[in-house]
Structure formats: structure tokens, C-alpha cells
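Enquirer: Here is a sequence with its predicted model. Questions after.
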Amino acid sequence: MASFNKVILLGNLTRDPQLSYTPNQTAVVDFGLATNRKWKDQNGNSQEETCFVECRAFGRSAENINKYCSKGKPLLVEGHLRFSSWEAQDGSKRSKLSVTVRNFQFIGSGGGSGGQGQGQGQDGNSREETCFVDCKAFGRMAENINKYCSKGRPLLVDGRLTFSSWEAQDGSKRSKLRVTVENFQFIGSGGGSGGQSQDGPAAAQQAGSAQQSEGADAAGDADIPF
């Protein structure tokens with residue numbers, strides 16, 4: 001099955017990192033990132049939206065983020081989306097997307113680098129998990145995806161995370177992340193390029209280039225247990 005899962009984010013921490021340890025003493029840090037996007041609508045009015053993303057890092061990366069980062073500090077992270085689901089106390093089904101950090105880069109004075117993993121468990125055994133991601137495309141891209149894609153067909157998409165929140169009928173607060181598609185590529189026979197929005201993935205490309213230029217150090221493969 002065709003599969004590719006990669007996220008690059010540059011944002012500010014929404015809270016101080018929270019460090020903990022697994023039973024085998026692997027460091028784990030949880031933190032939130034807020035990313036802002038500004039654009040002009042069809043009427044020329046300035047618009048802005050903020051996307052809130054939960055992130056988790058492991059091993060030496062977790063320890064460094066916990067040591068040097070705090071609420072409000074900027075951070076560049078690269079990782080993959082992870083899907084988790086559970087049953088709430090009221091019996092309802094809940095799910096969320098988060099980012100498992102594989103590389104990171106401090107931004108500003110005193111910048112350093114993080115670590116990298118290869119998706120293996122600490123016992124060296126290969127792991128596999130499925131991440132479910134809701135996506136939305138617009139314009140010509142939407143028409144082409146609707147025309148040529150169907151359930152089970154592979155598709156490569158490039159876009160940005162979009163955060164939305166609402167109040168459920170029971171009064172509880174709900175939120176979700178989805179991908180707003182900015183470019184896509186058909187995979188397999190008859191594949192061709194899809195399309196690109198006017199505000200394409202230039203920011204992501206710049207972030208990736210900036211990270212490579214800094215030369216991030218590599219940590220052990222076992223830092224990320226999945």
C-alpha cells in the first residue's frame with residue numbers, strides 16, 4: 001500500500017513542555033505548537049488563522065526540548081502525524097491527530113539541533129500503525145480528485161494543517177486537525193500532476209531547507225518507540 005506521512009511545522013510553544021519517562025526510562029515530552037497563517041480573501045481583506053498542534057518527542061530530543069524550550073518560544077519540528085482514538089467516560093468515541101517529532105531546530109539565538117528515529121521499537125522489531133487524516137481541497141484540485149480518485153486509491157498530498165473547534169450538543173469542547181490540500185500527485189498508472197493553490201508549499205520548502213542547512217544531529221533509532 002502506498003504511504004507517505006511527513007509534517008514540517010514552524011510555530012510557538014503554547015505551554016511549557018511536560019517531561020515524563022516510560023517504564024524503561026525513555027524520556028517523553030509533550031508540548032503544543034501554534035502556527036499562524038495570513039492571507040487575503042477574494043475581496044482583498046486580510047485574514048488570519050491559528051492552528052494548534054499537539055506534539056510529542058522522545059529520547060534525547062525530548063530532554064533537549066524540555067531543557068531549552070518554554071511557552072512562547074519558536075520551534076521548527078519535522079515528524080509524522082499519529083492517529084489515536086479512545087472511548088470517553090460518557091461512552092462516546094474520541095480521536096485526535098498529533099505529531100511525533102523526528103527532527104527539530106531551535107529558532108533564534110542559541111539554536112541547536114534535535115534527533116532522528118527510523119520508526120523501530122526499542123527491541124529492534126519493526127512496527128506498523130495506521131494514521132487516518134481528513135483532507136479538504138478546493139477549486140480545480142477538488143474537481144480532479146473527485147473525478148479520478150475513489151476509495152482505496154493512493155494519493156500524495158502536500159498541504160497545511162488546519163485547526164477547527166466547536167461545542168458539542170452535550171456542551172463539551174471538541175476540536176480536530178485536518179489537512180488543507182495545496183498540491184497533490186496521483187500515484188500509480190495514469191498518474192499525473194494535480195494542481196497547486198496560489199499559496200503553495202513554499203513555506204514548508206523553506207523550512208526544510210533551513211533545517212538541512214543547520215545540519216541536525218542524529219539520535220538513536222530506538223528513541224521513538226513507534
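Expert: All right, it came through fine. Numbering: from 1, shown residues only.

Enquirer: ok, and the most far-flung residue of the chain relative to its centre, which helix or strand is that part of?
Expert: Among residues of the chain, the one most distant from the C-alpha centroid is N43; the distance is 30.7 Å, by C-alpha atoms, centre = their mean. Assigned by DSSP states H and E, N43 falls within no helix or strand.

Enquirer: now swap in the one 4 residues further on and tell me
Expert: Using DSSP H and E, Q47 falls within strand 46-58.

Enquirer: Surely F31 is in contact with A62?
Expert: No. Checked against C-beta atoms under 8 Å, the pair F31 and A62 is beyond contact range at 9.6 Å. Every C-beta, even on glycine, is put in place using the N, C-alpha and C of the backbone.

Enquirer: For S46, which non-adjacent residue is spatially closest?
Expert: Leaving aside its sequence neighbours, S46 sits nearest to K40 (C-beta to C-beta, 6 or more residues apart in numbering; 5.8 Å).

Enquirer: tally of neighbours for that neighbour?
Expert: Number of residues near K40 (other C-beta atoms under 10 Å) recorded here: 10.

Enquirer: cool, T26 as well?
Expert: 16.

Enquirer: And it, how far from N66?
Expert: 13 Å (C-beta to C-beta, to the nearest Å).

Enquirer: L19 too?
Expert: In this view, L19 and N66 are 4 Å apart by C-beta to C-beta.

Enquirer: overlap in contacts of these two?
Expert: Shared contacts of L19 and N66 (C-beta atoms under 8 Å, 6 or more residues apart in numbering): A27, V29.

Enquirer: More neighbours: these two, which one.
Expert: Between L19 and N66, counted using other C-beta under 10 Å, the more crowded position is N66 (20 against 16).

Enquirer: That one belongs to a helix?
Expert: Yes. Membership of N66 in a helix is supported by DSSP: H, G, I helix; E, B strand; the rest coil.
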